[in-house]
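Engineer: 3D model of this:
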Amino acid sequence: MSEADSFSNRKNVIWVYLSGAMALTFVVMLFLPETGTGGATLSLYSAMLWCGIFGAALFRYLLKNTWVGFAIGSATGMVIQIISQLF
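Structural biologist: You can find the predicted model right below:
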C-alpha cells in the first residue's frame, strides 16, 4: 500500500487511535480540577468536537455512515461534559 492510499483506506485504524487519544485527553481534562478546561464554554465544544471526530473515525473504520458516527460522538461528548460539571 502506498502512502497516498493510507488516507483513503477505510480500514486504516491509525485515525481511530489518534482521534480516540485526543478525545480521551479532553475528557480526562474535564474531570481534573485546575486544568483550564473544566468550566469554560470552550470545553463543551472541544469535548463535542473530539468525541465527534472519534465517532466518525470509528464508524468509518466499521464501514458505517461517518455522519451518524460524528453525531453520536458529539452527543456523547456533550453528555460527558454535563456530567463532569456535576462532579
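
Engineer: With adjacent residues omitted, what lies nearest to Arg10?
Structural biologist: Nearest-residue entry for Arg10: Arg60, 5.6 Å, with adjacent residues in sequence omitted and distances by C-beta to C-beta, 6 or more residues apart in numbering. Bear in mind the C-beta positions are built from the backbone N, C-alpha and C, glycine included.

Engineer: tell me the centre residue of this protein?
Structural biologist: Geometric centre of the chain, nearest residue: Cys51, 2.2 Å, by C-alpha atoms, centre = their mean.

Engineer: From Tyr45, how far out is that residue?
Structural biologist: To Tyr45, Cys51 is 11 Å away according to C-beta to C-beta, to the nearest Å.

Engineer: in the protein, which ranges drop under the pLDDT threshold?
Structural biologist: 1-7, 33, 35-43 (pLDDT under 70).

Engineer: Quick check: Ala56 touching Asn65?
Structural biologist: No. Using C-beta atoms under 8 Å, Ala56 is not in contact with Asn65; the gap is 9.3 Å.

Engineer: between the two, who's got more neighbours?
Structural biologist: Neighbour count, other C-beta atoms under 10 Å: between Ala56 and Asn65, Ala56 has more, with 24 against 12.

Engineer: and the next element down the chain from the helix or strand where that one lies?
Structural biologist: Applying DSSP states H and E as the criterion places Ala56 in helix 41-61. Remark: after helix 41-61, the chain's next helix or strand is helix 66-86, criterion DSSP H and E.

Engineer: gap between that following helix and the chain center?
Structural biologist: Computed by C-alpha atoms, centre = their mean, to the nearest Å, the chain-centroid distance of helix 66-86 equals 8 Å.

Engineer: neighbouring contacts of that helix?
Structural biologist: Residues from elsewhere that reach helix 66-86 (C-beta atoms under 8 Å, 6 or more residues apart in numbering): 23, 27, 30-31, 38-39, 43-44, 47-60.
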